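**Student:** kindly return the folded structure for what I paste below:
(chains A and B)
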Amino acid sequence: MTTNTVDPAEIAKFQAMADEWWDPNGKFKPLHHLNPCRLDYITRQIEAEFDRDLTQPSPFSGLRILDIGCGGGLLSEPMARLGADVVGADAADRNLPIARLHAEQSGLTIDYRHTTAEAMAADGEQFDVVLNMEVVEHVADPLAYLTACQQLLKPGGMMICSTLNRTAKSFVFAIVGAEYVMRWLPKGTHEWDKFIKPDELFELLTGAQLSPVDRRGMVLNPVRWEWQLSERDLSVNYVTTSLKPKA
Amino acid sequence: MNDITIIGGGLVGGTMALGLAQNGFSVTIIDAHKKGSQTKRAFDGRSYALAQATIRMFTVLGLWADLHANAQPILQVKASDGRAGQGPAPWHLHFDHDDLGEGPMGFMVEDRFVRLALSNALNTTPNITQTFGHTVTAQDGGVITLDNGTHIQANLIIGCDGRQSSTAQRAGIKRRVTNYHQTALVCAIDHDLPHNGIAHQFFMPEGPLAILPLPGNRSSIVWSDQTDRAKAINDLPDAEYLEFLRPRFGDFLGDISLTGARFTYPLTLTVASEMTAARMALAGDAAQGVHPIAGQGLNLGLRDVATLVEVVTRAKRRGEDFGAADVLQRYADWRSFDRTTLTTATDGFNRLFSNDNALLRPLRDFGMAAVSAAPNLRRAFMREAAGMSGDIPHLLQGKAL
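**Tutor:** Numbering: from 1, shown residues only, chains lettered A, B, ... in the order given. All right, here's what the predicted structure looks like:
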């Protein structure tokens, strides 16, 4: 970052935005609340596939990880903290200064880029792990997008992809509940008819030359008010793991 | 790199450091005491009733192997209402470890053995730095300043500095203090007859009297009285002190004599309004100092330890910033139920039992009889006292993280 040429007023603005992004009780509260559950899934899948041990220091060192749709860096920072070499990509350039500022303040080195999966694939970039969280339901052509993600993986690499199921329950929870009633998310964040059923996602992943190996629901426990992984309930939020065949 | 700074090197702070270091954190302990001042060789009269959950945690942390040989199992607890010279009321509560089905109800261990075991473990565990004889003069967002001007940086500060926690004060956390105007007199006695592992609790009008079995023919005594009277009793020479104790005590253990020193503790309930602040968490008496009526103070503090160690370890392993506000909030949320229940219950328990109100006495006799007659209720009481109810952290279940 070329901090010495940046307008101080701009920095102050980004600082305020970064504080807002990273405030666990602020505008992005639902994402902060979901984050430990997503991280539990991601870290354990990587631990198992790449034979790492999360109880050891820097367990992900030597792994190159891409976080697509990185936003303020809620996933990129934990991956960097675990020792991975992280690239955070976002098609919206609004979030990148926020992410860069926060990473710097956290003492983390993360390569944040204003780019898309397709553009990076065209450049021939490759990663051990691609994190593709809550993005696929927003793209125009899911198969083309997932194919680009597949190209971004090294042979034997792993993609973790989460999205929203297209069920009556997800309509009530994600659209009516989260956007209209609780106002957790801005209205129009989601289009329900673009949501993808797990079997459809597995088909898309297979079509993109990936082998889906796992799927779990992410369920909000109403008593503990905590997101938990579920083997059975994939009716609203769910997350999958797929692998790129080894050469 | 120092991950966590612990302010206060007592039993809670030391156990916290050990639990964190064993889970990959580098820890610095700031202890205001001089090195070695807390690990005297001779018995000084202080001891603890360790709950089963605490024993399980000590086992995982590697402390119990050192302590076991010097610990006295508590096989039964008898609680009854009484007046000096009159003996117990006809109804009493009787808890037997067979009811619990999980071994003894707890163990009595002398303070010196716990401190020694902890000190040995801290000295031999990597990633623990101990700073003795220094106090903290300032703290700000993870950075503390010592009285010699040194700055120590960490991602998280944990205040384990007792009922008057300066760490809490510096963070602007207020406390609610309830003064019972009572003082606990604590001593240890030798007695002629064996105690058979039975702990007694007599609820006297002046305040409760606990007789807790120590190894051999020895018991630890905790008795409470109004502060002015307790002070007067404590000022007496040993022989006269014993003259006050004997009639309350009865003669079921034969002749008694004092061993070790005598201590007094003013009985107050002190609760910090918040358990956490920016990059700071409180544990043990710093978070809540309860009336030591049921021997729950240390056990409660160690439940804070087990919970915080688990919360920050899980956060670290998933790559989170373990000193961040949302992580610390999980600790406060997890502890809130237990903390509220116990502080309220202990307070109510004392108010109900420490008086000679003509109306309350039959009520509590009835309550005791009811609890005693209902095995499920009695088991629930015992499980709570043994720290086994609720959503339990791994360490208290005897599981490593």
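
**Student:** hey, where'd the helices end up in chain A?
**Tutor:** Taking DSSP state H as the test, the helices found in chain A are A:8-22, A:29-49, A:76-81, A:96-105, A:117-122, A:142-151, A:168-170, A:198-207.

**Student:** pick the most buried one from those.
**Tutor:** Most buried of the helices of chain A, by mean neighbour count (mean count of other CB atoms under 10 Å in any protein chain shown): helix A:76-81, with a mean of 25. C-beta: built from backbone N, CA, C; applies to glycine.

**Student:** please state the offset of that one from the chain centre?
**Tutor:** Here the centre of helix A:76-81 is set off from its chain's centre by 12 Å, with CA atoms, centre = their mean, to the nearest Å.

**Student:** can you check which of the helices of chain A gets nearest to chain B?
**Tutor:** In terms of CB to the nearest CB, the element of the helices of chain A nearest to chain B is helix A:76-81, at 2.8 Å.

**Student:** ok so, going back, among the helices of chain A, which is nearest B:His191?
**Tutor:** Nearest to B:His191 among the helices of chain A is helix A:29-49; the distance by CB to CB comes to 53.8 Å.

**Student:** that closest one to helix A:8-22, inter-axis angle?
**Tutor:** 70 degrees (axes from the mean of the first three to the mean of the last three CA atoms, to 10 degrees).

**Student:** does chain B sit close to helix A:29-49?
**Tutor:** Yes. Helix A:29-49 is in contact with chain B by CB under 8 Å from any CB of the partner chain, via A:32, A:35-36, A:39-40, A:43.

**Student:** out of those residues, the closest to B:Trp223 would be?
**Tutor:** Of the residues of helix A:29-49 next to chain B, the one sitting nearest to B:Trp223 (CB to CB) turns out to be A:Pro36, at 47.5 Å.

**Student:** which of the helices of chain A has the lowest mean pLDDT?
**Tutor:** Least confidently modelled of the helices of chain A is helix A:8-22, at a mean of 78 by mean pLDDT.

**Student:** tell me which residue of the stretch 101-250 of chain B lies closest to chain A.
**Tutor:** Counting by CB to the nearest CB, the stretch 101-250 of chain B gets nearest chain A through B:Asn155, at 9.9 Å.

**Student:** quick check: phi and psi at that residue.
**Tutor:** When quoted as degrees, to the nearest 10, the phi and psi of B:Asn155 stand at phi -80, psi -20.

**Student:** and what of B:Gln130?
**Tutor:** Residue torsions, per degrees, to the nearest 10, at B:Gln130 are phi -110, psi 130.

**Student:** which strand or helix spans the residue nearest to it when sequence neighbours are not counted?
**Tutor:** In this structure, B:Gln130 finds its nearest non-sequential neighbour in B:Ile29, 4.9 Å apart by CB to CB, 6 or more residues apart in numbering or on different chains. Taking DSSP states H and E as the definition, B:Ile29 sits inside strand B:27-31.

**Student:** so what strands line up beside that strand?
**Tutor:** Partners of strand B:27-31 in the sheet, by DSSP bridges, are strand B:4-7 (parallel), strand B:128-132 (parallel).
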